[in-house]
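Chemist: sequence plus the predicted model coming up.
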Number of protein chains: 2
Amino acid sequence: MSRTKARVALLQELEAAMRRSSAQGVLYGQTVANVAGIANSDLECMDILYLEGRVTAGRLAEVTGLTTGAITGVIDRLEKAGLVRRERDEKDRRKVFISVVPETAMKIGQLYVPMQQAMEKVFGAYSDEELRLLLRFANEGYKGVLAATEALKSLLDTPPEKRPDLKLKKLRR
Amino acid sequence: MSRTKARVALLQELEAAMRRSSAQGVLYGQTVANVAGIANSDLECMDILYLEGRVTAGRLAEVTGLTTGAITGVIDRLEKAGLVRRERDEKDRRKVFISVVPETAMKIGQLYVPMQQAMEKVFGAYSDEELRLLLRFANEGYKGVLAATEALKSLLDTPPEKRPDLKLKKLRR
DNA sequence: CTAAATCTCTTAGTGGCTAAGATATATATC
DNA sequence: GATATATATCTTAGCCACTAAGAGATTTAG
């Protein structure tokens, strides 16, 4: 594999461009939460529910990185807003499944319309084949980021004297 | 333009894949902040400083969507941690430029190594031409998300009775 | 049948955030 | 050139989401 200067520059530019766009994506999410009048974490959980369907409170904690206590608060607020429902699992009565209430959650979904329209416009300029490339990249990128997250977390479990010299805090589980 | 079923399905899959990977990207950032022992917003500002170089406190507020008061707190914490420096603008003494202290900020940068390695691995599977496609998409996607953010914000300025029925909160400037 | 594990919820305390206004400096108007 | 308005950052009070620790309820293991 030839690692020419041009390619290195390309890779750097790509990294910067992706950081920029992903940062802007975060801002879009903040704006949605702001307009909807719910907390950021609340919206993040709605997003997870949209992607994964019916999940347990514990799973939400796992995916968001919040404590279970914080998740209880999230669900309380979302439930009070009529956006989700708690459903005890009849098989294992310790578990609480959370599911969205489609009629009200739809209102949140509408706030993504500007984003969808913008993306539709962007995607419109690409051929099916190009879109498949983007899809492949999105999937592989996801796996890569996931692996990187695990690698970073595992840094915490390596002997402290072998780590980069940082003020370290215990990572929440 | 033929909008076949296959293409619609492809677009949906693409949207889901991108949401997934971007959500995971957010989690990576949270983990970095956690390991570094700084707040999320603090890390976000470090990121902006990395991308934009020397910027004013006000610019940080603008880009992050935080109030100037919150930014003061961010800078206080970062300065105390030795990660940034305040520098009064001599031309306009109301302004405060913030710049990173490279020696210490490097330690934060190291936490992105797992991410860079993962991305290097992913990118390695693509030709230069394919990478250019990804770059083009990242740039266009950024513009799209930016436009969508503005469109969403402007929803707030439209007559309230014409908006989707939502609990609305005033959006911070 | 008891002990340990698992899952969610509760409580107390902490810290970053907003809103409002104070302070300092710059620009515009007369 | 003096006064008024605008701009940029900081300060303060109060709020609310978060963590840490542990309680309560249920399941699984020995």
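Modeler: Looks like it arrived, so ask away.

Chemist: identify the residue of chain A closest to DNA strand C, quick one.
Modeler: Closest residue of chain A to DNA strand C, C-beta to the nearest atom of the strand: A:Gly58 (2.2 Å). To be clear about C-beta, it is placed using only N, CA and C from the backbone, and glycine gets the same treatment.

Chemist: where's that residue, which helix or strand?
Modeler: For A:Gly58, the host element (DSSP states H and E) is helix A:57-64.

Chemist: what is that helix packed up against?
Modeler: With contacts defined as 3 or more C-beta pairs under 8 Å, 6 or more residues apart in numbering or on different chains; DSSP states H and E, helix A:57-64 has these neighbours: helix A:40-52, helix A:68-80, strand A:96-100.

Chemist: now distance to B:Gln30, mean pLDDT and mean neighbour count too, for the ones you listed, in CSV please.
Modeler: CSV is the format used below for those (distance: least, C-beta to C-beta, whole Å; pLDDT from 0 to 100; neighbours: other C-beta atoms under 10 Å in any protein chain shown):
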stretch, distance to B:Gln30, mean pLDDT, mean neighbour count
helix A:40-52, 10, 94, 19
helix A:68-80, 13, 97, 16
strand A:96-100, 21, 97, 18
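
Chemist: how many neighbouring residues does the residue of chain A closest to DNA strand C have?
Modeler: 13 (other C-beta atoms under 10 Å in any protein chain shown).

Chemist: next up, the contacts around the spatially most central residue of chain A.
Modeler: Centroid-nearest residue in chain A: A:Glu44, 6.7 Å away (criterion: C-alpha atoms, centre = their mean). Residues near A:Glu44 by C-beta atoms under 8 Å, 6 or more residues apart in numbering or on different chains: A:Gly29, A:Thr64, B:Ala23, B:Val26.

Chemist: can you do 6 Å?
Modeler: The contact partners of A:Glu44, by C-beta atoms under 6 Å, 6 or more residues apart in numbering or on different chains, come to A:Thr64.

Chemist: low-confidence stretches in chain A?
Modeler: Chain A contains residues with pLDDT under 70 at A:1-3, A:156-173.

Chemist: what does it have sitting close to DNA strand C?
Modeler: Within reach of DNA strand C by C-beta under 7 Å from any atom of the strand, chain A has these residues: A:56-59, A:61, A:68-69, A:71-73, A:75-76, A:86, A:92, A:94-96.

Chemist: from A:Arg59, how far off is A:Thr90?
Modeler: Heads up, residue A:90 is Glu, not Thr. According to C-beta to C-beta, to the nearest Å, A:Glu90 stands 18 Å off from A:Arg59.

Chemist: moving C-terminal of the helix or strand that contains A:Glu120, what's the next helix or strand?
Modeler: If you go by DSSP H and E, A:Glu120 is part of helix A:113-123. Following helix A:113-123 in sequence order, the next helix or strand is helix A:128-155 (DSSP H and E).

Chemist: so that following helix, near DNA strand D or not?
Modeler: No. Remark: helix A:128-155 sits outside contact range of DNA strand D, by C-beta under 7 Å from any atom of the strand, the gap being at least 14.1 Å.

Chemist: hmm, that helix touching chain B?
Modeler: Yes. Contact of helix A:128-155 with chain B (C-beta under 6 Å from any C-beta of the partner chain) involves A:128, A:131, A:134-135, A:137-142, A:144-149, A:151-152.

Chemist: over to stretch A:78-86?
Modeler: No. Taking C-beta under 6 Å from any C-beta as the criterion, stretch A:78-86 and chain B are apart, separated by no less than 7.4 Å.

Chemist: start to end distance for that stretch?
Modeler: Using C-alpha to C-alpha, to the nearest Å, the end-to-end distance of stretch A:78-86 comes out at 10 Å.

Chemist: which elements pack onto the longest helix along chain A?
Modeler: The longest helix of chain A (DSSP state H) is helix A:5-36. Applying 3 or more C-beta pairs under 6 Å, 6 or more residues apart in numbering or on different chains; DSSP states H and E, we find helix A:5-36 packed against helix B:5-36, helix B:128-155.
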